[in-house]
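J.: Okay, sequence plus prediction incoming.
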Amino acid sequence: MKRGWPMALLAFACVLQWALPASLALRSERTLRDGARYYLRTAPVDPLDPFRGRYVTLRFDARTTAAASERLQDGDAVCVPIRAADDRYAVFGPASRTPPASGDYLRARVARFAGDGTIELRLPFDRYYLDERAAPAAERAYRDANRRDAAHEAYVTVRVRDGDAVLEELFIDNVPVRRMLRAAPAS
Amino acid sequence: MAKNAAWLLAELPELERAGVLDAATVARLRAHYADAPERGTALGVSAILGALLVGLGVILLVAHDWDEWSRGLRLAVTALPLAAGQAACWFALRRRPASRVWRESAALFAALVFAAVLALVTQIFQLGGDLDRYLLACALLALPLVYALEASALAVLVGVTWLGWVVAQSEYAREPLLVLLAYATLLPHVWQVCRRAPSGARSIMLLGWLVPLLFASLTVTMPWLRQFAALWVASCALLLILLDDVIGGDTSLVRRPLRAYGELGWALVALGATFPEFWASSGGFGGNGTMPPAGAGLVQWLVIACDAPLVLCALRRRRWLLAALAVPVAALLAGLLVPPPALGFTVFFNFYVLAIGVALIASGLRERALRAVSSGLTLIAVLVLLRFFGSEWPFVIRGLAFVGVGLAFLGAHGWLRRRVRT
């Protein structure tokens, strides 16, 4: 190999190593700034789900149907139209491999097919990262709010733009979880 | 190498006293071997470990997720280790191009730091993401570093990442041809290293790691593995043995990973085939005729298609022993077409393994190769022991039989060792 090639390859690698995280960051930043805001209600959590430490594990009751012409299977990447219902929370339209002609949509994956013919979606966000000191208290608050008999309400806001979806904030009883934790620090 | 050098250095005074070497030669040998290899190894390990620890430390500091910092500040801090990794690569290429330690550790550090930066960006923006796509990105972006810095340790890490990528994919998304393509990206590097020093430490490390990683990755992609496990293992093992024969090189099995893995896989299937259950069980280890042969998948047939011309080549060159190693594959293929007669195949494979063992011993004696003699003896000993395990004899009888076979094995080995030496 000639002497110049390794340097050229290294330069190529360096450019790619900057380009990928930078494009990811820029796209996410733009989505957070310009994307439409949607509210997604979180699903009841499994009380035995292991504690994760630095983040809160989120679960959503994200179900939809397949578009009439689609033959989907587990793990397929799909585009899912999203709109706000009357109670402000987001509902999903029929999943399809291609983006809808109009309206907001997000990219997700088919998690599994439910018995009633609906599709359970794996949304592109399932974790809410926090300062490692705050995460345990946030996880507890999130669990309390997501017990089946809980009087509290937990939901997240996401920003959606051109198929990209970025998690914005986790709310418990209409209060952002970070603010709630600052007001009542973990004992 | 370091062990051999230490032995040689310890022998020098005696060799000088005996007049085998003169003082000048002894001095030159001392200067050559003194502490260079050990220092090199120690430096290499400590440099790689140091790079890893610094990288991991910085990552943990950022992963704390400082809530009080803005996203921009966290991104800027995250970017610092990436810049450091790239600077280390640049320094290694410009200032230390001859130092393998610098090139290996800088490439490893830069690749790990990139993986961490990508993960931290997804953390900062609360992105879940798919693990398979993340691993794919990490492996693809590490590849230019492998070639720019000729970094074999990183090549192995990329191989591990390919395996992680396949495992993380959903079952329906796994494509064996894509797996082959992924590992093929490392082939030019492996070829380059092996051509330069076929028995060198780097060649052995690359083959020793990448061959089982490729095998494991392909195995993960096979949905009907259970029905075709024996055929898959036997055909891959045969291919490794035949490829090793084409490459040639060192006689020591430790320095020939292709041969070592191949012989292990061949022995596993051939010895397994000496049990009647191997052929009789439905859906078990052997082929059973319940699956159509096409279900084995394209890669399985591709491996067999590669085996075939190499076996024919061995036959044409009158390498009977080498060609005879294809018998398990042929028998399993026949078993796919018609249900195999379990008893007949079992008896045949007992004699077959015995014949291969005897042929190995004879070949070893003829060519004065102790390794072949030992392999033949081991094969026969394992066959005999398996028959004892399979029998219904009382423990005392079996125990005595084991001791007897062991002593006979040791005696035969000692006798053959003397014959091979003389």
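T.: Okay, I see it.

J.: show me where the stretch 51-200 of chain B has strands.
T.: Counting by DSSP state E, counting those that start in this stretch, the stretch 51-200 of chain B forms no strands at all.

J.: Can you get me a residue count around residue B:396?
T.: 8 (other Cβ atoms under 10 Å in any protein chain shown). Quick note: C-beta positions are derived from backbone N, CA and C, even for glycine.

J.: what about the residue in chain A that chain B sits nearest to, which SS state?
T.: Relative to chain B, the nearest point of chain A is residue A:75 (2.9 Å; Cβ to the nearest Cβ). Counting by DSSP: H, G, I helix; E, B strand; the rest coil, the backbone at residue A:75 sits in coil.

J.: for it, what are its contacts?
T.: A:109, A:110, B:169, B:170, B:171, B:172, B:173 (Cβ atoms under 8 Å, 6 or more residues apart in numbering or on different chains).

J.: what's the distance between the last one and residue B:164?
T.: Shown here: residue B:173 relative to residue B:164, a distance of 14 Å by Cβ to Cβ, to the nearest Å.

J.: what sits against the most centrally placed residue in chain A?
T.: In chain A, the centroid-proximal residue (Cα atoms, centre = their mean) is residue A:125; its distance is 2.1 Å. Neighbour list for residue A:125: A:58, A:156, A:158, A:165, A:166, A:167, B:126, B:127, B:128 [criterion: Cβ under 8 Å, 6+ apart].

J.: excluding its backbone neighbours, what's nearest it?
T.: residue A:167 (4.1 Å; Cβ to Cβ, 6 or more residues apart in numbering or on different chains).

J.: So which other helices or strands are in contact with the helix or strand where the one you found lies?
T.: Per DSSP states H and E: residue A:167 is located in strand A:164-172. When contacts are defined as 3 or more Cβ pairs under 8 Å, 6 or more residues apart in numbering or on different chains; DSSP states H and E, strand A:164-172 sits against helix A:4-34, strand A:105-113, helix A:135-145, strand A:154-161, helix A:177-183.

J.: For residue B:12, give me its contacts.
T.: So residue B:12 contacts B:21, B:26, B:29, B:30 (Cβ under 8 Å, 6+ apart).

J.: buried set for stretch B:220-237?
T.: B:220-222, B:227-237 (16 or more other Cβ atoms under 10 Å in any protein chain shown).

J.: Dump it to PDB, restricted to CA.
T.: Below are the C-alpha coordinates for stretch B:220-237, written out as PDB (Å, rounded to 0.1, in the frame of the first residue of the first chain):
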ATOM      1  CA  VAL B 220     -27.400 -17.700  13.900                       C
ATOM      2  CA  THR B 221     -29.000 -17.000  10.500                       C
ATOM      3  CA  MET B 222     -30.100 -20.600   9.900                       C
ATOM      4  CA  PRO B 223     -33.700 -21.100  10.900                       C
ATOM      5  CA  TRP B 224     -33.600 -24.900  10.300                       C
ATOM      6  CA  LEU B 225     -30.300 -25.400  12.100                       C
ATOM      7  CA  ARG B 226     -31.600 -28.200  14.300                       C
ATOM      8  CA  GLN B 227     -32.300 -30.500  11.300                       C
ATOM      9  CA  PHE B 228     -29.100 -29.600   9.500                       C
ATOM     10  CA  ALA B 229     -26.700 -29.100  12.400                       C
ATOM     11  CA  ALA B 230     -24.500 -32.200  11.500                       C
ATOM     12  CA  LEU B 231     -24.300 -31.400   7.800                       C
ATOM     13  CA  TRP B 232     -23.500 -27.800   8.600                       C
ATOM     14  CA  VAL B 233     -20.800 -28.600  11.100                       C
ATOM     15  CA  ALA B 234     -19.300 -31.400   8.900                       C
ATOM     16  CA  SER B 235     -19.300 -29.400   5.700                       C
ATOM     17  CA  CYS B 236     -17.700 -26.300   7.400                       C
ATOM     18  CA  ALA B 237     -15.100 -28.500   9.100                       C
END
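
J.: thinking again about what came up before, selecting buried members of the contacts of residue A:125 in PyMOL, what would you type?
T.: Listed next is the PyMOL selection for buried residues among the contacts of residue A:125, using 16+ other Cβ under 10 Å:
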select buried, (chain A and resi 58+156+158+165+166+167) or (chain B and resi 126+127+128)
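
J.: By pLDDT, give me the weakest of the contacts of residue A:125.
T.: pLDDT across those is lowest for residue B:128, at 72.

J.: Tell me who's in contact with it.
T.: Residue B:128 neighbours (Cβ under 8 Å, 6+ apart): A:123, A:124, A:125, A:126, A:127, B:122.

J.: a markdown table for those, including distance to residue B:322?
T.: Listed next are the contacts of residue B:128 as a markdown table, based on distance: Cβ to Cβ, whole Å:
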| residue | distance to residue B:322 |
| --- | --- |
| A:123 | 56 |
| A:124 | 53 |
| A:125 | 57 |
| A:126 | 53 |
| A:127 | 55 |
| B:122 | 51 |
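
J.: out of the residues you listed, which are inside helices?
T.: residue B:122 (DSSP state H).

J.: Take the contacts of residue B:128 and keep only those in strands.
T.: Among the contacts of residue B:128, the members falling in strands (DSSP state E) are residue A:127.

J.: between the contacts of residue B:128, which is nearest residue A:115?
T.: residue A:123 (20.9 Å; Cβ to Cβ).

J.: in terms of contact, does that closest one touch residue A:165 like I think?
T.: Yes - Residue A:123 lies in contact with residue A:165 (Cβ atoms under 8 Å); the separation is 7.3 Å.

J.: what's the overlap in contacts for the two?
T.: If you check residue A:123 and residue A:165 against Cβ under 8 Å, 6+ apart, the residues they both contact are residue A:106.

J.: State which one residue of the stretch 151-300 of chain B is found closest to chain A.
T.: For the stretch 151-300 of chain B, Cβ to the nearest Cβ, closest residue to chain A: residue B:170, 2.9 Å.

J.: residues near that residue, how many?
T.: 16.

J.: how much space is there between the nearest residue to it once chain neighbours are set aside and residue A:127?
T.: Among residues not flanking residue B:170 along the chain, residue A:75 sits closest, at 2.9 Å (Cβ to Cβ, 6+ apart). Residue A:75 is 20 Å from residue A:127, where distance means Cβ to Cβ.

J.: Repeat that for residue B:267.
T.: Counting by Cβ to Cβ, the gap from residue B:267 to residue A:127 is 47 Å.

J.: before we move on, what about residue A:116?
T.: Separation of residue A:116 from residue A:127 (Cβ to Cβ) stands at 28 Å.

J.: Enumerate every residue touching residue A:63.
T.: Applying Cβ under 8 Å, 6+ apart, we find residue A:63 in contact with A:92, A:114, A:118, A:119, A:120, A:121.

J.: In the sheet, which residues pair with the last one? Tell me.
T.: Right, residue A:121. Beta-bridge partners recorded for residue A:121 (DSSP bridges): residue A:110.

J.: What is the burial count for it?
T.: So residue A:121, with other Cβ under 10 Å, has 21 neighbours.

J.: right, and it touches residue A:80 too?
T.: Yes - shown here, residue A:121 and residue A:80 form a contact pair, counting by Cβ under 8 Å, at 6.3 Å.

J.: what touches both of these two?
T.: A:64, A:92, A:95, A:108.

J.: Now intersect these with the strands, please.
T.: If you go by DSSP E, those have A:64, A:92, A:108 in strands.

J.: Dump the helices and strands packed on strand A:164-172 into JSON lines; add distance to residue B:10 as well.
T.: Converted to JSON lines, the helices and strands packed on strand A:164-172 look like this (distance: least, Cβ to Cβ, whole Å):
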{"stretch": "helix A:4-34", "distance to residue B:10": "40"}
{"stretch": "strand A:105-113", "distance to residue B:10": "63"}
{"stretch": "helix A:135-145", "distance to residue B:10": "58"}
{"stretch": "strand A:154-161", "distance to residue B:10": "69"}
{"stretch": "helix A:177-183", "distance to residue B:10": "66"}
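
J.: distance between stretch A:79-92 and the chain's centre?
T.: Taking Cα atoms, centre = their mean, to the nearest Å, one finds the center of stretch A:79-92 at 14 Å from the center of the full chain.

J.: That concludes my questions; thank you for your assistance.
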